[in-house]
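Need coordinates for the following:
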Amino acid sequence: MSMLAAALELAELGFRVFPIWPGAKNPITSSGFLDASTDLVRIRQWWGKHPKANIGIATGHLATGEMFIVIDLDEHDPNESGNDAWAEIIATQGPADTVEALLVIGHDLPDFCLEAQR
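Numbers count the residues shown, from 1 in each chain. Next up is the predicted model:
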């Protein structure tokens, strides 16, 4: 799947997307996440000009009305696990019932895991 196709699919699901420079975390657009959009024409223009751009997703309310948050579980100390801390939060506070959470696990270029709790 191309980056354009993935960005369009995310937008159709209600995620507001914006282009990120390949191999970096910097937005291509001048206002970054504030430019995020579900407008398919705009998205085609962005990825038409930058076909290798990564995909940024704006957090907050989706076009569907649901809330989207990102939880970054960095592990800077080998004796402490971000995953363990997250498990402890869920164990003590309970899972959110209407939150889409993107769990980012890794270092400079993280791996991604989408977890929906309903």
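
From now on I want contacts and neighbour counts done on CA atoms only, so please keep to that.
Fine.

So which residue is smack in the middle of this structure?
Computing the C-alpha centroid of the chain and ranking residues by CA atoms, centre = their mean puts residue 57 first, at 4.4 Å.

which residues does that one bridge with?
According to DSSP bridges, the residues that bridge with residue 57 are residue 17.

Show the model's pLDDT score for it.
Per-residue pLDDT puts residue 57 at 90.

And for residue 46?
Reported pLDDT for residue 46: 98.

host element of it?
Taking DSSP states H and E as the criterion, residue 46 maps to helix 40-49.

now residue 55
Assigning secondary structure by DSSP H and E places residue 55 in strand 54-57.

what packs against that strand?
On a contact count with 3 or more CA pairs under 8 Å, 6 or more residues apart in numbering; DSSP states H and E, strand 54-57 meets helix 3-12, strand 17-20.

Show me which helix runs longest in the chain.
The helix that spans the most residues within the chain, counting by DSSP state H, is helix 82-93.

Summarise which helices and strands that helix is packed against.
Using 3+ CA pairs under 8 Å, 6+ apart, helix 82-93 sits against no helix or strand.

Just give me how far that helix sits from the chain centre.
Put simply, helix 82-93 sits 21 Å off its chain's centre (CA atoms, centre = their mean, to the nearest Å).

ok, and for it, which residues are buried?
Within helix 82-93, the residues that qualify as buried are residue 82, counting by 16 or more other CA atoms under 10 Å.
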